[in-house]
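A.B. asks: Turn this into a structure:
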Amino acid sequence: MSIEQINPEREVKPDLSQRLNQFFTDPERFQFKKKLVFSAGTCPMRANNSEIPYLVESTDLDEGTLVDPGYAQAERLAWDLQAIEALTDEPISTSEKQVAPGEKLTVEFQYKSKPRKITFIAGDATEKENMPENFNVYFSGRRVVINDEDLQHTPTEKIANIIESLADGGYVIPDRDLADDSTFFSSEQLASLDLSEIEGIRPEPTTVEKVDQAKFDQLRNQAFEQAIQKGELAPKPLVQTLKFNNGEVIEMLLNRPELEDRISETDEQFQVIETNYKTIDEFFSAHPEFSKTDFKMTEIGLFHKTKDLHIPYEPFSEQEAKILEEIEQGCQTQATEKITQKGIGLYQKASSNK
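C.D. replies: Modelled structure (predicted):
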């Protein structure tokens, strides 16, 4: 049964891929002779995660250049090659199915009775040598640069450099995983680019409920402390302790180098036991070197604000666990707000002829 049969009055609105396809297949709107697509950072991370079907269908590309360091991994490249094979009835035209770092692999195939070509490059998408000449569509991914440790967040100036190499009058499709593409253009480098949004492409905004994590954490910690003050919760700090054969006891409240120094000072054997405190106040009374203000109090333990020190609690009672669950649910409700996500659109780079 179709959606129309369930609710014949409901309009099935086109998604972003359909809107992009309508634009790129309209010769009155897309006026370049060929669709030369450059895509950066779209190598699949796992099976059935290829961007190829979306990329080909959305842009109706003639030639595509996909650059990502991940293509040097044969398995990840194979996932994209399998996606191409699924699009065409004919075997893909390539004798090799692997690519070394810095090298290229070109695949030719037919899709919707039209010849297509995609070149895979295992490298850095921000290097000029890896950018195709005169590309007129930039399809952005998140992992663009090979030489940055954090591949999830490419510096925006790197993306700006790519867009600067885009042909005048060319088009930009921001990372389609973004809930709101204003974050894509929030940097000074990207905001300064002469890009204008194409009308009629962006799908209608959606309203979703989202938990403000910072607000939730603050409310939960406050409610936790209030429950302790009311006597509803009684967290019992639990400290791992080294008990030596000579009777010496060292609680593991030191940083690792200090602890290793203390252990190396004696040849005595030791065992690890747990020291239980009945209350948080009892713990601090036994340790005047610490102050309550030194720690962040949470439902999973005490966290020192400046040192790498976490003191867990004994498991809570069944009744206390119910109270914690009520706190969690109540704070989540308070921290949940409705936000409007405007999604992403299609942008055009200014033409020198304008």
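
A.B. asks: show me the contacts for the residue lying farthest from the centre of the chain.
C.D. replies: Centroid-distance maximum for the chain: residue 246 at 52.1 Å, with CA atoms, centre = their mean. When contacts are counted by CB atoms under 8 Å, 6 or more residues apart in numbering, residue 246 is found next to 266, 268. Heads up, the C-betas are built off the backbone N, CA and C, glycines and all.

A.B. asks: quick one: pLDDT of it?
C.D. replies: Looking at residue 246, its pLDDT is 83.

A.B. asks: Am I right that it falls within a helix?
C.D. replies: No - with DSSP: H, G, I helix; E, B strand; the rest coil as the criterion, residue 246 is coil rather than part of a helix.

A.B. asks: ranges for the strands of the stretch 151-300 of the chain?
C.D. replies: 171-173, 195-197, 206-211, 238-244, 249-251, 270-276, 295-298 (DSSP state E, counting those that start in this stretch).

A.B. asks: Could I get the contacting residues of residue 64?
C.D. replies: 36, 37, 38, 39, 55, 56, 116, 117, 118, 119 are the contacts of residue 64 under CB under 8 Å, 6+ apart.

A.B. asks: how would you label residue 115: helix, strand or coil?
C.D. replies: Per three-state DSSP, residue 115 ends up strand.

A.B. asks: do you know how far it is from residue 108?
C.D. replies: 7 Å (CB to CB, to the nearest Å).

A.B. asks: Give me the more crowded residue out of these two.
C.D. replies: Taking other CB atoms under 10 Å, residue 115 and residue 108 do not tie; residue 108 has more neighbours (16 against 11).

A.B. asks: any chance of the strands of the stretch 151-300 of the chain in CSV, plus mean neighbour count?
C.D. replies: What follows is the strands of the stretch 151-300 of the chain, written out as CSV (neighbours: other CB atoms under 10 Å):
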stretch, mean neighbour count
strand 171-173, 24
strand 195-197, 14
strand 206-211, 10
strand 238-244, 16
strand 249-251, 14
strand 270-276, 12
strand 295-298, 16
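
A.B. asks: rank these by pLDDT, which is bottom?
C.D. replies: Set side by side, the strands of the stretch 151-300 of the chain give their lowest mean pLDDT on strand 249-251, at a mean of 81.

A.B. asks: Low-confidence bits of this protein, can you list those?
C.D. replies: 1-13, 93-96, 141-157, 177, 183, 186-187, 189-191, 254-259, 352-354 (pLDDT under 70).

A.B. asks: That one - how does it break down into domains?
C.D. replies: 3-205+344-349, 213-336 (automatic domain parsing).

A.B. asks: Now residue 128: phi and psi?
C.D. replies: phi -50, psi -40 (degrees, to the nearest 10).

A.B. asks: From what I see, it and residue 164 are in contact.
C.D. replies: No - Residue 128 is not in contact with residue 164 according to CB atoms under 8 Å; the separation is 10.8 Å.

A.B. asks: ok so, going back, so which of the domains of the chain is the most surrounded?
C.D. replies: Comparing these by mean neighbour count (mean count of other CB atoms under 10 Å), domain 3-205+344-349 comes out on top with a mean of 17.

A.B. asks: Give me the subset of the contacts of residue 64 that lies in strands.
C.D. replies: Secondary structure from DSSP state E places 36, 37, 38, 39, 116, 117, 118, 119 of those in strands.

A.B. asks: Please name the nearest non-neighbouring residue to residue 34.
C.D. replies: Leaving aside its sequence neighbours, residue 34 sits nearest to residue 62 (CB to CB, 6 or more residues apart in numbering; 4.3 Å).

A.B. asks: Look up how far residue 193 lies from that neighbour.
C.D. replies: In terms of CB to CB, residue 62 sits 25 Å off from residue 193.

A.B. asks: Which residue ranges of this structure form helices?
C.D. replies: 3-6, 16-24, 52-59, 74-87, 156-165, 188-191, 213-229, 256-264, 280-286, 318-335 (DSSP state H).

A.B. asks: from the chain's centre, how far out does the longest one sit?
C.D. replies: Helix 318-335 has its average C-alpha position 28 Å from the chain's average C-alpha position, going by CA atoms, centre = their mean, to the nearest Å.

A.B. asks: Nearest spatial neighbour of residue 70, chain-adjacent residues omitted?
C.D. replies: That would be residue 43: by CB to CB, 6+ apart, it lies 3.4 Å from residue 70.

A.B. asks: can you pull the contacts of the one you found?
C.D. replies: 66, 68, 69, 70, 71, 76, 77, 80, 143.

A.B. asks: likewise residue 334?
C.D. replies: 215, 216, 219.

A.B. asks: ok, so of the ones in strands among the contacts of residue 64, who is nearest residue 310?
C.D. replies: residue 39 (43.0 Å; CB to CB).

A.B. asks: Give the bridge partners for the closest one, please.
C.D. replies: Going by DSSP bridges, residue 39 is paired in beta bridges with residue 66, residue 139.

A.B. asks: now the end-to-end length of stretch 51-69.
C.D. replies: Start-to-end span of stretch 51-69 (CA to CA, to the nearest Å) is 15 Å.

A.B. asks: typo on my end, it should be stretch 200-207
C.D. replies: By CA to CA, one end of stretch 200-207 lies 19 Å from the other end.

A.B. asks: And that stretch, how far out from the chain middle?
C.D. replies: Distance, stretch centre to chain centre, for stretch 200-207: 22 Å (CA atoms, centre = their mean).

A.B. asks: ok, now stretch 21-30?
C.D. replies: Worked out by CA atoms, centre = their mean, stretch 21-30 lies 31 Å from the chain centre.
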